[in-house]
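Student: no sequence on this one, just coordinates:
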């Protein structure tokens, strides 16, 4: 009836609706619920707020929480499974449901889902049948998809790759997994063009979890450890056009959980978390305002892409633009929200402010590449180019 009345939806309208319904609104709800879990788990209110803001606005969750893609949805599914397993009464059906959903959304979620399932069953010592029943719907959906697309329930997309370059890239090792190299470790964790700790330095604190946390408080750290190993051992670690290592987006909620529990046990780490988190929100927030993926030739996206685009007034379409507000002024609500989040994180802590200032300086001081074509290419894709009130990039 709807299709008859209005006709088939246009691609842009459909994706816009899917982004809000499947990603943006669920992300907002998840982070609100996760903060509530932190408080119920004995995390001090200040630490819970800082951890939530770091995870929601200073990580891959912000960038991919705006896209209709599997990365953030898998993160939300795994995060929901964790809450169903370790918050209040055990809900085994929903643990199985959300773990299976995470795998259906992104196959690399399977080991993380297995960690959550094993930890939940080990802690509660019951519910195995209900876990299986909860997982069944998504297992059937996945099997039907494999059957329809590839001819058998057990036949996966990895066995039907058509792009020769992709086949060649993923060939080393087992399903693209092989021994890590320094290039992968540096590029995945520390480099300006991709590094997790460059874009979200607060996540590095999660590596301290085994020093102070015990038993089931270490479950999030185990999930993080899996994803870090996956990132540095996978042939496609470079991740394509991206802001941060997008294949490990589920690290964000589990890192927030880990650092919240860590600060609960070691309160003196809170100023450090504040400083690292403020730098992450500033860096990731500005980058996500103009781009959700940088070309591979970009070395320091902040200096080569983010700064030039903002300096020329390039911001995404928004309601204020429709009202005639030009350039960066049309994105003022977004920048005010980022500034408010940073202020809430820092809370006038001199140590935190010093750490944040030093980190932001290091991030922006990282040397750029010699090529300058990426920012002009991205600007040329803008609709319209230039956006209202922006200065166009001139040809060399």
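Tutor: Nice, I can see it. Remember, predicted model here, so these are calculated numbers, not experimental data.
Student: Now the residue nearest to residue 191 when sequence neighbours are not counted: which helix or strand?
Tutor: Leaving out its chain neighbours, the residue that sits closest to residue 191 by C-beta to C-beta, 6 or more residues apart in numbering is residue 198, at 6.4 Å. C-beta here means a position set from N, CA and C on the backbone, and glycine is covered the same way. If you go by DSSP states H and E, residue 198 is part of helix 196-199.
Student: The helix or strand following that helix - contacts with which helices or strands?
Tutor: Downstream of helix 196-199, the first helix or strand assigned by DSSP H and E is helix 209-212. In terms of contacts (3 or more C-beta pairs under 8 Å, 6 or more residues apart in numbering; DSSP states H and E), helix 209-212 is packed against helix 219-233, helix 251-265.
Student: so the last one versus helix 219-233, what angle?
Tutor: Same thing as helix 251-265. Calculated by axes from the mean of the first three to the mean of the last three C-alpha atoms, to 10 degrees, helix 251-265 forms an angle of 140 degrees with helix 219-233.
Student: orientation of the following helix or strand past helix 251-265 relative to helix 251-265 in degrees?
Tutor: Proceeding N to C from helix 251-265, the next assigned helix or strand is helix 270-290, under DSSP H and E. Relative orientation of helix 270-290 versus helix 251-265 (the same axes, to 10 degrees): 160 degrees.
Student: Can you give me the neighbour number for the residue nearest to residue 242 when sequence neighbours are not counted?
Tutor: Leaving aside its sequence neighbours, residue 242 sits nearest to residue 293 (C-beta to C-beta, 6+ apart; 5.1 Å). Around residue 293 there are 16 other residues, counting by other C-beta atoms under 10 Å.
Student: quick one, what contacts residue 293?
Tutor: For residue 293, the contacting residues are 240-243, by C-beta atoms under 8 Å, 6 or more residues apart in numbering.
Student: Next one: residue 168, what pLDDT does it get?
Tutor: At residue 168, the model reports a pLDDT of 78.
Student: helix or strand right after the strand or helix carrying it?
Tutor: Element membership of residue 168 [criterion: DSSP H and E] is helix 164-170. Helices and strands here follow DSSP H and E; after helix 164-170, the next one along the chain is helix 182-189.
Student: quick check: angle from that next one to helix 219-233?
Tutor: 130 degrees.
Student: Give me the contacts around helix 182-189.
Tutor: Counting by C-beta under 8 Å, 6+ apart, 193-198, 228, 231-233, 237-238, 245 sit against helix 182-189.
Student: distance between the helix holding residue 198 and the chain's centre?
Tutor: Distance, stretch centre to chain centre, for helix 196-199: 12 Å (C-alpha atoms, centre = their mean, to the nearest Å).
Student: Show me what that helix is packed up against.
Tutor: helix 182-189, helix 270-290.
Student: Would you tell me which of those gets closest to residue 260?
Tutor: helix 270-290 (9.0 Å; C-beta to C-beta).
Student: what's residue 161 in contact with, if anything?
Tutor: Counting by C-beta under 8 Å, 6+ apart, residue 161 makes contact with 167, 170.
Student: just residue 119 next, same as before
Tutor: Listed by C-beta under 8 Å, 6+ apart, the contact partners of residue 119 are 85, 216, 219, 222.
Student: Among those, the buried ones, what's the ChimeraX command?
Tutor: Of those, the buried ones can be selected in ChimeraX as follows, counting by 16 or more other C-beta atoms under 10 Å:
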select :85,219,222
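Student: Pick the one among the contacts of residue 119 closest to residue 30.
Tutor: For the contacts of residue 119, the closest approach to residue 30 (C-beta to C-beta) belongs to residue 85, at 14.9 Å.
Student: Check the secondary structure at the closest one for me.
Tutor: helix (DSSP: H, G, I helix; E, B strand; the rest coil).
Student: number of nearby residues for residue 59?
Tutor: 28.
Student: Retrieve the pLDDT associated with the closest residue to it other than its chain neighbours.
Tutor: Once flanking residues are discounted, residue 59 sits nearest to residue 252: 4.0 Å by C-beta to C-beta, 6+ apart. The model reports residue 252 with a pLDDT of 98.
Student: Number of residues surrounding residue 252?
Tutor: Count around residue 252 with other C-beta under 10 Å applied: 30.
Student: Contact partners for it?
Tutor: By C-beta under 8 Å, 6+ apart, the contact list for residue 252 reads 55, 59-61, 75, 200, 203.
Student: again, but for residue 110
Tutor: Going by C-beta under 8 Å, 6+ apart, residue 110 touches residue 103.
Student: do that again at 10 Å, thanks
Tutor: Residues in contact with residue 110 (C-beta atoms under 10 Å, 6 or more residues apart in numbering) are 99-100, 102-103, 226.
Student: does residue 244 count as helix, strand or coil?
Tutor: Here residue 244 takes the coil state, with states given by three-state DSSP.
Student: how close does it get to residue 287?
Tutor: 9 Å (C-beta to C-beta, to the nearest Å).
Student: So which of the two has more stuff around it?
Tutor: Neighbours per residue, other C-beta under 10 Å: of residue 244 and residue 287, the larger number sits with residue 244, 30 against 22.
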